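Visitor: Quick one, what's the 3D model for this:
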Amino acid sequence: MQADPFAGVQYDGALTAGLMGSLTLADALLLFGFVFVLGACVGSFLNVCIARWPLDLSVMRPPSRCPRCERRIAWHENIPLLSWLLLRGKCRGCALPISVQYPLVELLVALGWVAAFRAFGVTFEALRVAIFGTILFGIAVTDFKHYLIPDGFTVSGLVLMLLFAVAHLFSDDASRFATPWPAFLGACVGAGAITLIGWLAEVIMKREAMGFGDTTLMAVVGAAVGAERALLTIIAGAFVGAVVFLVIVGPIVKLRSMRRGEPFAFPDVPFGVFLAPAAMLTLLWGDALIAWYLQRAFTA
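Guide: Numbers count the residues shown, from 1 in each chain. Model prediction:
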């Protein structure tokens with residue numbers, strides 16, 4: 001009788017992280033190759049969302065076209081990563097450059113999906129992490145480019161996070177995401193906390209300090225991670241954002257203002273750029289960080 005090749009392997013379900021280490025090299029390459037291609041396709045669609053949602057355009061119609069000459073892009077010119085390389089980064093119609101953002105977003109999303117499935121195996125948890133990370137990445141890029149967080153990202157993200165929380169009730173796998181009631185409470189706490197902070201900042205600074213997009217973003221984050229980690233996300237995002245703008249962005253803007261002979265005005269902060277990665281960090285390591293803090297704060 002042939003020995004069981006997976007004897008002694010610990011895993012929670014088919015192809016979860018424990019079993020992943022027992023795959024042959026060929027099987028692992030096939031699996032992660034498929035995940036990479038799937039992630040690149042998702043990244044291609046994310047590029048459409050980043051380009052159209054800030055302009056209140058549909059992501060379904062019209063079909064993809066060059067933003068300069070408006071020539072319709074054929075299917076073979078729209079293959080993630082490959083088409084940009086084959087076209088040498090130029091539109092076949094007008095020969096003007098195609099932004100490197102497109103292949104870069106596709107590549108980063110693809111790598112993010114591979115990382116999620118490598119860490120959590122072929123599980124519902126991996127899919128949730130990959131989708132949550134994709135939404136956060138789209139929000140960060142859009143806020144960086146346009147100082148705007150479209151409702152398309154936040155509304156769809158909130159609905160998905162709540163639906164995923166309910167769907168997880170039918171799964172036995174452990175999860176880093178919040179269960180339904182904590183998810184609902186987290187959405188309320190996250191949105192409420194960032195709105196209160198924005199209102200206080202507006203009173204102090206005598207100008208608008210935070211947009212409504214940050215409120216809806218934190219509703220999505222709270223629905224994913226719960227109330228405690230939503231608050232931790234705000235703290236972490238605010239800390240990193242303050243350091244980056246005070247140490248890097250502020251001095252650069254001040255130097256440019258001095259060279260132009262213009263009065264210095266502190267630039268607006270696209271807070272979503274910092275909240276988005278902070279949310280992913282708190283999803284993955286927030287509980288450990290909170291436990292570490294509580295242990296030291298309340299230990300005599």
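Visitor: residue boundaries of the helices in the stretch 201-300 of the chain?
Guide: 212-225, 227-244, 250-260, 272-297 (DSSP state H, counting those that start in this stretch).
Visitor: need the least confident one among those helices, by mean pLDDT.
Guide: Lowest mean pLDDT within the helices of the stretch 201-300 of the chain: helix 250-260, a mean of 80.
Visitor: That helix relative to helix 227-244, how many degrees between them?
Guide: 30 degrees (axes from the mean of the first three to the mean of the last three Cα atoms, to 10 degrees).
Visitor: what's the distance between helix 250-260 and the middle of its chain?
Guide: 31 Å (Cα atoms, centre = their mean, to the nearest Å).
Visitor: what's in contact with it?
Guide: Residues from elsewhere that reach helix 250-260, judged by Cβ atoms under 8 Å, 6 or more residues apart in numbering: 263-267. From N, CA and C alone the C-beta is placed, and that goes for glycine too.
Visitor: let's see 6 Å
Guide: Helix 250-260 is contacted by residues 264, 267 when judged by Cβ atoms under 6 Å, 6 or more residues apart in numbering.
Visitor: Check stretch 69-78 too.
Guide: Contacts of stretch 69-78 (Cβ under 6 Å, 6+ apart): 63-65, 83, 93-94.
Visitor: As a markdown table, those with distance to Gln101 and pLDDT would be great.
Guide: A markdown table is the format used below for those (distance: Cβ to Cβ, whole Å; pLDDT from 0 to 100):
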| residue | distance to Gln101 | pLDDT |
| --- | --- | --- |
| Pro63 | 20 | 79 |
| Ser64 | 14 | 80 |
| Arg65 | 17 | 78 |
| Ser83 | 14 | 87 |
| Gly93 | 19 | 77 |
| Cys94 | 18 | 83 |
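Visitor: Tabulate these in JSON lines, adding columns for distance to Leu31, secondary structure and neighbour count.
Guide: Putting these into JSON lines (distance: Cβ to Cβ, whole Å; DSSP: H, G, I helix; E, B strand; the rest coil; neighbours: other Cβ atoms under 10 Å) gives the following:
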{"residue": "Pro63", "distance to Leu31": "32", "secondary structure": "coil", "neighbour count": "10"}
{"residue": "Ser64", "distance to Leu31": "29", "secondary structure": "coil", "neighbour count": "15"}
{"residue": "Arg65", "distance to Leu31": "35", "secondary structure": "strand", "neighbour count": "13"}
{"residue": "Ser83", "distance to Leu31": "25", "secondary structure": "helix", "neighbour count": "20"}
{"residue": "Gly93", "distance to Leu31": "38", "secondary structure": "coil", "neighbour count": "15"}
{"residue": "Cys94", "distance to Leu31": "40", "secondary structure": "coil", "neighbour count": "12"}
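Visitor: wait, which of those is closest to Ala191?
Guide: Nearest to Ala191 among those: Ser64, at 33.6 Å, using Cβ to Cβ.
Visitor: quick one, what contacts the nearest residue to Leu283 once chain neighbours are set aside?
Guide: Excluding the flanking residues, the one nearest Leu283 by Cβ to Cβ, 6 or more residues apart in numbering is Val225, at 5.2 Å. Each residue near Val225 by Cβ under 6 Å, 6+ apart is listed here: 178, 282-283.
Visitor: Which helix or which strand is home to Ile149?
Guide: For Ile149, there is no host helix or strand (DSSP states H and E).
Visitor: of all the contacts of Val225, which comes closest to Tyr293?
Guide: So of the contacts of Val225, ranked by how close each gets to Tyr293 (Cβ to Cβ), first place is Thr282, at 12.4 Å.
Visitor: which residues does the closest one contact?
Guide: Applying Cβ under 6 Å, 6+ apart, the residues contacting Thr282 are 225, 229, 232-233.
Visitor: most neighbours, which of those residues?
Guide: Highest neighbour count within the contacts of Thr282, by other Cβ atoms under 10 Å: Thr233, with 31 neighbours.
Visitor: gap between that one and Leu104?
Guide: 25 Å (Cβ to Cβ, to the nearest Å).
Visitor: Likewise for Phe120?
Guide: Distance from Phe120 to Leu104, by Cβ to Cβ: 25 Å.
Visitor: So the two - more neighbours on which side?
Guide: Phe120 (23 against 15).
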